[in-house]
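S.K.: Pasted the sequence and its predicted model underneath.
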Amino acid sequence: MLNKHQGDDVASLMTRIGRKARAAARPLAIANTAAKNAALLAMADAIIAREQDILDANAIDVSNGHESGLSASFMDRLKLDPARIRAMADGINEIAGLRDPVGDVIAAWERPNGLHIERVRTPLGVVGVIYESRPNVTADAGALCLKAGNPVILRGGSDSANSSAAIHACLVEGLKTAGLPEDAIQLVPTTDRAAVGEMLKGLSGNLEVIIPRGGRSLVERVQNEARVPVFAHLEGICHLYIDRSADLDMAVEIAVNAKMRRTGVCGAAETLLVDRAVAGTHLVPILEALRAAGCEIHADAEVLRLYADAQPATDADWVTEYLDAIIAVKLVDGVAGAIEHIENFSSHHTEAIIAEEAKAVERFFSEIDSAILLHNASTQFADGGEFGMGAEIGIATGKMHARGPVGVEQLTSFKYRVRGSGQVRP
């Protein structure tokens, strides 16, 4: 890796990376589906074959993470094991099995003058992905961008540098096997933060879009400084609402899963809202189950009167993405109260309602404007893999171009093809 203070060298390095990615764009855009799938299958095979190399590299990152005092949620994202490595390979294989979006005709119509017009999916171009801690993003982002015909420049965090490098080597092996440009998936070989600054500038016009995956400080910096479009979510302040019509056993099981399955993922529930009408029947069993699972409860005054084994909630709790075994709990006046609270405090990522009454569900779905809404299911399903997308680069909470899980289709744009028979415009 380059010396951290060699700013000029970093600028030159990133310029070269941008140019190489741009050079790979055209051959990748016209690569056929068979070649892309062959590369993806070879990547997955390489990840399985090099499992021990990846685990050894990850052990170095984990050791460094412990020494530097990384939080439990960061360590959970960082750590790899054979099951997670297998999941990476399975995700790439699933992406290979997805329909290739490039060339799909989205719409077609005839004009009165005889012109035939088609709207056709095309690759976005060079994608930049800036991420922290999660080495699996290296595999997910590389594979998804390849399937969509986009070269990608990956800038992983220093915490996962060794793991990402070992995974990236497997991706390059897959590209070589299929005869595709090796520069189609590049990993920035320096932890110098100046590399991020160069990407935010757009690499001399070679970068089409940036996707950040990380904490609030990283995403805020990208959104504030980027000179190219950004697909991002700032935080995952996800809400779980228990309606008066909710089945209690279902509510208990889903609440525990939504919060505690993996506390460090962006789809983990951070706020539990319970209909005041069932506070006497549903609240305590749900909170007891959460406590038994090791969750710390931050409760409003009404909840504290009914459940003493909790801490008083502060104003900060309603706007905090804990990414930890902590949940904020509040009583609300039915679905209307839940919608009002979510409107005031949501990050527009993911919200769920547990209810048997159809009218409550439809109102929840129609009046809440978050990227993902769920009925009688855990918020932890907010994931591209669970949506059948193979994997995702991230969850986009903006409204331009991509929203929700960013998979292969969201990594494409479109162009118009117009076919005539000699028409001229009068």
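M.R.: All right, it came through fine. Numbers count the residues shown, from 1 in each chain.
S.K.: Tell me where the model's unsure across this protein.
M.R.: Applying pLDDT under 70 to the chain flags the ranges 1-8, 390.
S.K.: Going along the chain, name the helices of it.
M.R.: 7-29, 33-49, 51-68, 72-78, 82-97, 136-147, 161-178, 194-201, 216-225, 248-260, 284-292, 301-306, 334-345, 358-367 (DSSP state H).
S.K.: For residue 125, which of the ones you listed is the nearest?
M.R.: Ranking the helices of the chain by proximity to residue 125 (C-beta to C-beta) places helix 7-29 first, at 5.8 Å. Just so you know, the C-beta spots here come from the backbone N, C-alpha and C atoms, and that holds for glycine as well.
S.K.: List the buried residues for the closest one?
M.R.: Buried positions in helix 7-29, judged by neighbour count with 16 or more other C-beta atoms under 10 Å: 10, 13-14, 17-18, 20-25, 27-29.
S.K.: Please produce CSV containing those, extended by distance to residue 59.
M.R.: Formatted as CSV, the buried residues of helix 7-29 follow (distance: C-beta to C-beta, whole Å):
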residue, distance to residue 59
10, 28
13, 28
14, 29
17, 28
18, 33
20, 31
21, 31
22, 36
23, 36
24, 32
25, 36
27, 37
28, 34
29, 38
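S.K.: Which residue, other than its chain neighbours, is closest to residue 72?
M.R.: Once flanking residues are discounted, residue 72 sits nearest to residue 324: 6.7 Å by C-beta to C-beta, 6 or more residues apart in numbering.
S.K.: tell me the most buried of the helices of the chain?
M.R.: Most buried of the helices of the chain by mean neighbour count (mean count of other C-beta atoms under 10 Å) is helix 136-147; its value is a mean of 28.
S.K.: packing partners for that helix?
M.R.: helix 33-49, helix 82-97, strand 127-131, strand 152-155, helix 161-178, strand 185-187 (3 or more C-beta pairs under 8 Å, 6 or more residues apart in numbering; DSSP states H and E).
S.K.: Can you check what angle separates the longest one from helix 7-29?
M.R.: Same thing as helix 161-178. Orientation note: helix 161-178 sits at an angle of 30 degrees relative to helix 7-29 (axes from the mean of the first three to the mean of the last three C-alpha atoms, to 10 degrees).
S.K.: how many neighbours does residue 192 have?
M.R.: 22 (other C-beta atoms under 10 Å).
S.K.: any idea how far it is from residue 126?
M.R.: Separation of residue 192 from residue 126 (C-beta to C-beta, to the nearest Å) stands at 20 Å.
S.K.: which residue packs closest to residue 261, ignoring adjacent ones?
M.R.: Sequence neighbours aside, residue 380 is the residue nearest to residue 261 in space, at 5.0 Å (criterion: C-beta to C-beta, 6+ apart).
S.K.: How about the contacts made by the one you found?
M.R.: Listed by C-beta atoms under 8 Å, 6 or more residues apart in numbering, the contact set of residue 380 reads 257, 258, 261, 262, 265, 267, 268.
S.K.: Selecting buried members of these in PyMOL, what would you type?
M.R.: For the buried members of the contacts of residue 380, the matching PyMOL selection, counting by 16+ other C-beta under 10 Å, is:
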select buried, resi 257+258+265+267+268
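S.K.: Now the two most distant members of the contacts of residue 380.
M.R.: Farthest pair in the contacts of residue 380 (C-beta to C-beta) is 257 and 265. Separation: 11.8 Å.
S.K.: Surely residue 15 and residue 201 touch.
M.R.: No: with contact defined as C-beta atoms under 8 Å, residue 15 does not count as touching residue 201 (10.2 Å).
S.K.: Format the helices and strands packed on helix 136-147 as JSON lines; extra columns: distance to residue 73.
M.R.: Output for the helices and strands packed on helix 136-147, formatted as JSON lines (distance: least, C-beta to C-beta, whole Å):
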{"stretch": "helix 33-49", "distance to residue 73": "25"}
{"stretch": "helix 82-97", "distance to residue 73": "16"}
{"stretch": "strand 127-131", "distance to residue 73": "15"}
{"stretch": "strand 152-155", "distance to residue 73": "21"}
{"stretch": "helix 161-178", "distance to residue 73": "17"}
{"stretch": "strand 185-187", "distance to residue 73": "24"}
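S.K.: Out of those, the one nearest residue 385 is which?
M.R.: Proximity to residue 385 (C-beta to C-beta) singles out helix 82-97 among the helices and strands packed on helix 136-147, at 6.1 Å.
S.K.: what residues does the closest one touch?
M.R.: Identification of contacts with helix 82-97 by C-beta under 8 Å, 6+ apart yields 36-37, 40-41, 43-45, 47-48, 51, 54-55, 136, 139-140, 143-144, 147, 167, 385, 390-391, 408.
S.K.: Could you do stretch 242-260 as well?
M.R.: For stretch 242-260, the external contacting residues (C-beta under 8 Å, 6+ apart) are 238, 240, 268-269, 272-275, 277-278, 281-282, 285-286, 289-290, 293-295, 325, 327, 334-335, 338, 352-357, 360, 376-380.
S.K.: Just the buried ones out of those, please.
M.R.: 238, 240, 268-269, 272-275, 278, 282, 286, 289-290, 295, 325, 327, 334-335, 338, 352-355, 360, 377-380.
S.K.: Show residues contacting stretch 330-343.
M.R.: Here stretch 330-343 makes contact (C-beta under 8 Å, 6+ apart) with 239, 241, 243-244, 271-277, 279, 283, 299-300, 302-303, 313, 318, 351, 353, 355, 360, 363-364, 367-368, 370.
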